[in-house]
Structure formats: structure tokens, C-alpha cells
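Engineer: quick one: sequence plus predicted model below, questions after.
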Amino acid sequence: MQAIRRSIAVYRALATALSRAGLAALLGLILLHPAGGAVAQLATAALVTQPVSLPDMALGPADAPVTITEYSSMSCPHCAAFGENVFPMLRAKYIDTGKVRFVFREFPLDIKAAAASMLARCVANGDAEKFFGIVQLLFQQQRQLMEQTNMTLRLIGTQAGMSEQAVEACGRDQNLLDKLVADQRFAHEVIRVDSTPTFFVNGERLKGAMSFEELEEKIKPLLKE
């Protein structure tokens, strides 16, 4: 946790690396149109499709006609409610049927959420199914996570097959934390994410809690049926 506190303290000083070809040009469009507009919206949509530092954790085919990207914090009650009440229906009807690709992006609002995000990444080790399973557990135990962070993370990590030493090492992984914070800064400063949950449906920004019916209303017109 000490490493997390140090990195959060210097959060504002971290530089965002635009490592992919074309991102710098798109960023220029965003800055030229700070109030929005068609050009800026198209540029934002393109930027949302690209992971920055950490690889995306996603379910559903890459060529699905609809992509939903959620920016979420493990300490956000509305994010937990979405994960518990809306996501299972979304997955059953649209993701598992190949109509929607769902991308989960971490946007930790505090140190505890950052630690939880790091654990999910460590447990998954690149496996999206494992990642979403751990995220579900973390949301289900959100109250315990907020009240007894270290114990909850250790319990979930060991239940997932990690040793206590591995859980502790994950929490001290400065490289992972730096990437997490850099991605959050990119989302905040470039894509203008400032709260959780924030969703992008084929690039259209939707802020705040979403019901299944509200999401479905956005999805249906985008499907080629």
C-alpha cells in the first residue's frame, strides 16, 4: 500500500505516453475542439478504441458491431451495482451472442480501488475471463474492501490461487501501478473521463449509472439486423 500512496501522491506529475501512431494527431483535434463537436467526438471515439499502457480486458468478439467501454472504479457503488445487476443480462443477451464487445478500463478513485485493480490484473495474468471473475468478486465484497482492504485483498487473492507472498508482491508492483495511473491520467485529460461509471458505446459518451434498458436502447439501433 505504501507504493500506491507514493504513486497517487505524484499522480499529477506523471506524463502520458502517446505510443501509438496517430494518437498525437487525434489529441490535437481534441485540443482544438475543447467544447466538443463532430470532429472532436470522432477523435474521442478513435482514442477510446486504443489501450494505452495496459492491455485491454475485454469480452466478446473484436469484430462485434457494438463496442461498450466502461471506465470503472472498484470503490464506486454505482459501478458495483452495474456489475451485479446489469452486466450479467448484458453479457447473456449481447456479449456471449457476439453482438457486443465489452471493454473494462480501470479508473480508480482512491488508493483502495487502485490496489484492488492491481490484484485483478495480477490474478488474471492477461486472461479476460479470470479478470472479469475477480472484478465480480471485488464488487461483491466492496464494503469489506473499503473497511478491511489488506485482509480482503489477501483473502480474494489466495482464493484465486495466489500465495500471500504473491498478493503482497502484486501490491508492491510499481511498474503495474505506474501503468494504471498513466492510463487513468490519459482517460481524464484526453478522453475527459471525470467520474465513474463512464461508458462509451461505439464512441458515444454516457456518464453515470445505466440500467439494462437504457443500454439496450443505445445498442439496438447500432446492430445490423
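Structural biologist: Arrived safely, thanks for sending.

Engineer: show me how far stretch 96-112 is from its chain's centre.
Structural biologist: In terms of Cα atoms, centre = their mean, to the nearest Å, the centre of stretch 96-112 is set 4 Å apart from its chain centre.

Engineer: hey, C-alpha coordinates of it in PDB?
Structural biologist: Output in PDB follows, covering the C-alpha atoms of stretch 96-112 (Å, rounded to 0.1, in the frame of the first residue of the first chain):
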ATOM      1  CA  ASP A  96     -22.000 -14.000 -25.400                       C
ATOM      2  CA  THR A  97     -24.000 -13.900 -28.600                       C
ATOM      3  CA  GLY A  98     -21.300 -11.900 -30.400                       C
ATOM      4  CA  LYS A  99     -23.200  -8.700 -30.800                       C
ATOM      5  CA  VAL A 100     -21.300  -6.600 -28.300                       C
ATOM      6  CA  ARG A 101     -17.600  -6.400 -27.300                       C
ATOM      7  CA  PHE A 102     -17.300  -5.100 -23.700                       C
ATOM      8  CA  VAL A 103     -14.100  -3.500 -22.600                       C
ATOM      9  CA  PHE A 104     -13.400  -2.800 -18.900                       C
ATOM     10  CA  ARG A 105     -11.000   0.100 -18.100                       C
ATOM     11  CA  GLU A 106      -9.800   0.900 -14.600                       C
ATOM     12  CA  PHE A 107     -10.300   4.400 -13.300                       C
ATOM     13  CA  PRO A 108      -9.500   4.100  -9.500                       C
ATOM     14  CA  LEU A 109     -10.900   6.900  -7.500                       C
ATOM     15  CA  ASP A 110      -8.800   6.200  -4.400                       C
ATOM     16  CA  ILE A 111      -5.900   4.100  -3.100                       C
ATOM     17  CA  LYS A 112      -8.000   1.100  -2.200                       C
END
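
Engineer: which of the residues in it are buried?
Structural biologist: Buried residues in stretch 96-112, counting neighbours by 16 or more other Cβ atoms under 10 Å, are found at 99-109, 111-112. C-beta here means a position set from N, CA and C on the backbone, and glycine is covered the same way.

Engineer: which stretches of this protein form helices?
Structural biologist: With DSSP state H as the criterion, the chain has helices at 2-9, 23-32, 38-48, 77-81, 87-90, 111-124, 128-140, 142-147, 149-159, 164-171, 174-189, 212-219.

Engineer: among the ones you listed, which comes closest to Pro61?
Structural biologist: helix 128-140 (12.1 Å; Cβ to Cβ).

Engineer: show me what that closest one packs onto, helices and strands only.
Structural biologist: Packing partners of helix 128-140 (3 or more Cβ pairs under 8 Å, 6 or more residues apart in numbering; DSSP states H and E): strand 57-59, helix 77-81, strand 100-106, helix 111-124, helix 149-159.

Engineer: elements contacting the longest one?
Structural biologist: Using 3+ Cβ pairs under 8 Å, 6+ apart as the contact definition, the elements that helix 111-124 packs against are helix 2-9, helix 128-140, helix 142-147, helix 149-159, helix 164-171, helix 174-189.
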